[in-house]
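Engineer: need a structure here:
(one chain, ligands or ions: 1)
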Amino acid sequence: MPPSLLVCAATLVASIPRVKAKVPPLSSGPRFCHNHGAMKKTSSPATHAPEQVAHPATIRAFQRRLIEWYQRHGRDLPWRRTRDPYAILVSEVMLQQTQVQRAILYYEKFLRRYPTVEDLARADEPAVRETWEGLGYYARARNLQRTSQKIVDEYKGRFPKNPQDLEALPGIGPYTAGAVASFAFRRDAAILDTNAARVLTRFFALPPERQTSRFLWDVAHQVTPAGKAYIFNQAIMDIGATICVARTPRCSVCPLRPVCRSVEKSR
Ligand code: SF4
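Structural biologist: You can find the predicted model right below:
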């Protein structure tokens, strides 16, 4: 990992002056489900002809600015230091309903107890429940263990690499499938969680009728750059978590500001 990625998000956020947003508010907002604040819909590329969200040059500028920003300011999180699909899956399942700082503690404890997919597949369920205790939503751990058992029994311990196969496993939705496929296997898989949806909605100044999960997934597929999904996906989530935040976007320090349509519209 480049040293520049070791910049702590808390430090970054603390150093950012709060500015009053001049961007239009989100209307009723995109519709979210509980899966990592992920948007409901298949992760498969759209089968219908998707409407182009912006000129290709705008999309390229969006990708480039996001990636360059992430390389300097991305958060250093333990699950970003590995490409083990099992460890990445554990982190993503924990993050479905748990804040990042709390998830870090449980992630490390869980992996010490069950370091491999085989260890979790063979474990006694009460012991898994005990390790998960405190995180809540125990169904997540049950599904994680069922997924581990399927991977051991049906895939000989090797994770499937494409989002469609991952989505067929217990408890894995389109967001989690895209995350594992892009982070562990460097697949060109899109993701859409609450942070990414907010950034897309504001950056492209999407009107209320376009703030649907279907349209936003289409946009996510359009803007995910080939060969760089693993870094782009981290970048869009991080900028949504630290700069294009829900209440008051910090447009004055946002690398997307020069090309952001919401800012342009507000001038
Ligand atoms: S993408 Fe950046 S410039 Fe645009 S609304 Fe969000 S914080 Fe502001």
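Engineer: where does pLDDT dip in this structure?
Structural biologist: 1-50 (pLDDT under 70).
Engineer: how about stretch 225-236 as PDB, C-alpha atoms only?
Structural biologist: Output of stretch 225-236 as PDB, limited to C-alpha atoms (Å, rounded to 0.1, in the frame of the first residue of the first chain):
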ATOM      1  CA  PRO A 225     -13.700   2.300 -15.100                       C
ATOM      2  CA  ALA A 226     -12.500  -0.900 -16.700                       C
ATOM      3  CA  GLY A 227      -9.500  -2.300 -15.000                       C
ATOM      4  CA  LYS A 228      -9.800   0.100 -12.000                       C
ATOM      5  CA  ALA A 229     -13.000  -0.800 -10.300                       C
ATOM      6  CA  TYR A 230     -11.200  -1.900  -7.200                       C
ATOM      7  CA  ILE A 231      -9.700   1.500  -6.600                       C
ATOM      8  CA  PHE A 232     -12.600   3.500  -8.000                       C
ATOM      9  CA  ASN A 233     -15.100   1.700  -5.700                       C
ATOM     10  CA  GLN A 234     -13.100   2.500  -2.600                       C
ATOM     11  CA  ALA A 235     -12.700   6.100  -3.800                       C
ATOM     12  CA  ILE A 236     -16.400   6.800  -4.300                       C
END
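Engineer: the domain parsing of the chain - what is it?
Structural biologist: With domains defined by automatic domain parsing, the chain comprises 3-45+53-76+189-266, 78-185.
Engineer: roughly how far is the last one from the heart of the chain?
Structural biologist: Averaging C-alpha positions (Cα atoms, centre = their mean, to the nearest Å) puts domain 78-185 15 Å from its chain's average.
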